[in-house]
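A.B. asks: Dropping the sequence and predicted coords here.
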Amino acid sequence: MTTAVRTRNTSLVVGAVLVGLVVVTALVSFAWTPHDPLLVDAAVRLRGPGGDYLLGTDKFGRDIASQLMVGARTTLYVGVVAVGIAAVVGTPLGILAGMSRNWLGELVMRVNDLVLAFPALLLAIMFGAVYGASTLTAMIAIGIATVPSFARIARSGTLQVMGTEYVLAARAAGRSRRWIAGRHVLPNISGLLLVQSSVSFAIAVLAEAALSFLGFGTRPPTPSWGRMLQESQELLAVEPRLALVPGAAIAIAVLGFNLLGDGLRDRFDPRLEARR
Amino acid sequence: MTLAIARRTAILLLSVLAASVVVFAFMAVLPGDPAQVALGVNATPELVERTRQEFGLDRPLLTQYLDWMGGVASGDFGTSYVTRETIGPQLLDRLGVTLWLVGSGMLVALLIAMPLGTIAAVRHRRPSGAAVSGFSQLGMAVPAFLAGIILVQAFAVQLGWLPSGGWTPPAHDPAAWLRGLVLPAVSLGLVQGAVLTRYVRTSVLDVMREDYLRTARAKGLRPYPALLRHGLRNAAVPVVTVLGLQLATLLVGAVVIERVFVLPGLGSMLLDAVAARDLLTVQSIVLVLVAGVLLVNFAVDLLYTVLDPRLRRS
């Protein structure tokens, strides 16, 4: 049993520390960065790490450490908005589908399945084609594409809660469906939703990076990890550091959110208890 | 059984139809009209009007939609407003490249996940099992395109073993085709393999607790032979679900990998079409990709019933 306890704590703690690292970096970047992340200075282009420039400079002479810090902000911004959209839209729909076992619930889930067929990357490229690529279109596209996962989780959680005796008691007492949804369903599925948020956040970070890499996400000059990677590609043979630094940042953020999700799941999903 | 298949086929067809309406509507609400967008802001009003008439863009939207879908149903995707070439043949050509990439990526993912996931499950209380789980967490955190960039750097630039990109048709030169496919397939498969490893581990762990496996072990079978003979088929059911979802991810992930390795697949065609503001082509490629995702989901549903006879009765 000691192993079980240790596994559980490790995921949660390591995940929280990594996510905390990204959040603190982003917050600090509002108040301080070693250099102006946008300052182009040909005199110091492609400086190696060390000295005045902790992680060196890129092909325009911009400080990589400062760009990385501000890039953390972009990453979190995209994640928060995308997951926010998905949770705010998907959760009520899922609860609705779980509570109404009639044509309405069926319709919601059918539409859900349809949206599921439009992956985030594809939606974002479509949005980019029509409205022009930007951080905003990327966030909205990722958010819409994530709605189905929230709706599904919320629905399956709702179905479980609706089968409990306290809901039966509430219904017998003549409580309205809205009251039951707010008082019993939502609090009981909030753990599941928290887990889903963390996992979706990791997916959103990857999606934003891929989109910026393709030129469908954050526009220059706003620093973004995905775009730093894209800009590094032509100089890869001479300066692999330019790709490895933002690549590591993306990996740390994704790993952090995934581990945090795992840790939270072990905490909130009792069905998994036996598995460890 | 037949009824279930018929029902699912009907749902598939309706979903593709609904998706086509969504894609068409999305492109139709575009600010400005497609001819103007394709020709650019400097085009004279006369030229725009002529192009609109030439491509039938002056007709009602419903007529345009029915015309488009009628064509698509018979394999005719229409003529691009920009290149003025028929879209269908090129689309088919590019789809072939993407399918090779997705298929080989899936193979790489399976070759990684099946053995590693099983080992991680059987040794889940030992350090080697934990190491495999750790590897899979790390693998999940690396974007496929970053894996691609690193692999190119290592195996193409530094060691010179494999080409850094480009495409040779398999009929043209099978050896060159295979060499060109290795790095893109590994980049695509590595990350998905890491994700899949976790699911294989969980499924095998579940199966290992089943009574029939305990019986097999009690008969004197060693852990791996017992799993091979009795467990893996049962463990396959949940894995197939994830595999289906992943196939959809791979189809879209291929867009990025094609960019890294300069492969002439559907993804590069899509990105080029967006850059050229070639909306009919964008619309057609998106429909093909979405239909592909729906088709994969349909196939997964059918596979369930083959793998697990218990599901056939419902």
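C.D. replies: Yes, it's here.

A.B. asks: for stretch B:216-225, which positions count as buried?
C.D. replies: Within stretch B:216-225, the residues scored as buried using 16 or more other Cβ atoms under 10 Å in any protein chain shown are B:216-217, B:221, B:223. No exception for glycine: its C-beta is placed from N, CA and C like everyone else's.

A.B. asks: could I get that stretch in CSV with only the CA atoms?
C.D. replies: The C-alpha coordinates for stretch B:216-225 follow below in CSV (Å, rounded to 0.1, in the frame of the first residue of the first chain):
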residue,chain,number,x,y,z
ALA,B,216,-4.3,-19.9,-16.4
ARG,B,217,-1.5,-19.0,-14.1
ALA,B,218,-2.6,-21.7,-11.6
LYS,B,219,-2.4,-24.2,-14.4
GLY,B,220,1.3,-23.4,-14.5
LEU,B,221,1.6,-20.9,-17.4
ARG,B,222,4.2,-18.3,-16.9
PRO,B,223,3.0,-14.7,-16.9
TYR,B,224,3.7,-13.7,-20.5
PRO,B,225,2.5,-17.0,-22.2
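
A.B. asks: check contacts around B:Leu146.
C.D. replies: A:229, A:243, A:247, A:250-251 (Cβ atoms under 8 Å, 6 or more residues apart in numbering or on different chains).

A.B. asks: sec struct for it, please.
C.D. replies: Put simply, B:Leu146 is helix when judged by DSSP: H, G, I helix; E, B strand; the rest coil.

A.B. asks: ok, it to B:Thr168 distance?
C.D. replies: Using Cβ to Cβ, to the nearest Å, we find B:Leu146 at a distance of 25 Å from B:Thr168.

A.B. asks: residues contacting the residue of the stretch 51-200 of chain B found nearest chain A?
C.D. replies: The nearest approach of the stretch 51-200 of chain B to chain A comes at B:Ala141, 3.9 Å away (Cβ to the nearest Cβ). Residues counted as contacts of B:Ala141 (Cβ under 8 Å, 6+ apart) are A:202, A:250-252, A:254-255, A:258.

A.B. asks: before we move on, back to that, redo the buried residues of stretch B:216-225 as CSV? Include secondary structure and pLDDT.
C.D. replies: Converted to CSV, the buried residues of stretch B:216-225 look like this (DSSP: H, G, I helix; E, B strand; the rest coil; pLDDT from 0 to 100):
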residue, secondary structure, pLDDT
B:Ala216, helix, 78
B:Arg217, helix, 76
B:Leu221, coil, 76
B:Pro223, helix, 73
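
A.B. asks: Quick check: residues of chain A near chain B?
C.D. replies: Within chain A, the positions near chain B by Cβ under 8 Å from any Cβ of the partner chain are A:3, A:113-114, A:116-119, A:121-122, A:125-126, A:128-131, A:202, A:206, A:209-210, A:213-214, A:229, A:232-233, A:236-237, A:240, A:243, A:247, A:250-252, A:254-255, A:258-259, A:275.

A.B. asks: of those residues, buried ones?
C.D. replies: Using 16+ other Cβ under 10 Å, the buried ones in the residues of chain A next to chain B are A:113-114, A:116-119, A:121-122, A:125-126, A:128-130, A:202, A:206, A:209-210, A:213-214, A:229, A:232-233, A:236, A:240, A:243, A:247, A:250-252, A:254-255, A:258-259.

A.B. asks: In strands, which of these fall?
C.D. replies: Secondary structure from DSSP state E places none of those in strands.

A.B. asks: rewinding a little: adding pLDDT and distance to B:Arg94, write the contacts of B:Leu146 out as a markdown table.
C.D. replies: Conversion of the contacts of B:Leu146 to a markdown table gives the following (pLDDT from 0 to 100; distance: Cβ to Cβ, whole Å):
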| residue | pLDDT | distance to B:Arg94 |
| --- | --- | --- |
| A:Leu229 | 85 | 25 |
| A:Ala243 | 83 | 28 |
| A:Gly247 | 89 | 28 |
| A:Ile250 | 92 | 28 |
| A:Ala251 | 91 | 31 |
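
A.B. asks: all helices of chain A, in order?
C.D. replies: Ranges of helices within chain A are A:2-31, A:64-99, A:103-116, A:120-131, A:135-162, A:165-172, A:177-180, A:186-214, A:225-232, A:241-268, based on DSSP state H.

A.B. asks: returning to that earlier point: just the pLDDT for the residue of the stretch 51-200 of chain B closest to chain A.
C.D. replies: On the pLDDT scale, B:Ala141 is placed at 87.

A.B. asks: Out of the helices of chain A, which one sits most buried?
C.D. replies: Ranked by average neighbour count under the criterion mean count of other Cβ atoms under 10 Å in any protein chain shown, the helices of chain A are headed by helix A:225-232 at a mean of 25.

A.B. asks: Secondary structure element for the most centrally placed residue in chain B, which one?
C.D. replies: Central residue of chain B (Cα atoms, centre = their mean): B:Leu251, 1.9 Å from the mean position. B:Leu251 is part of helix B:232-260, with elements assigned from DSSP states H and E.

A.B. asks: Specify the next element, helix or strand, located C-terminal of that helix.
C.D. replies: helix B:266-275.

A.B. asks: got the angle between the helix or strand that comes right after that following helix and helix B:232-260?
C.D. replies: Next along the chain after helix B:266-275, taking DSSP H and E as the criterion, comes helix B:279-307. Between helix B:279-307 and helix B:232-260, the angle comes out at 170 degrees (axes from the mean of the first three to the mean of the last three Cα atoms, to 10 degrees).

A.B. asks: got the buried residues for helix B:279-307?
C.D. replies: B:279-298, B:300-301, B:303-305.
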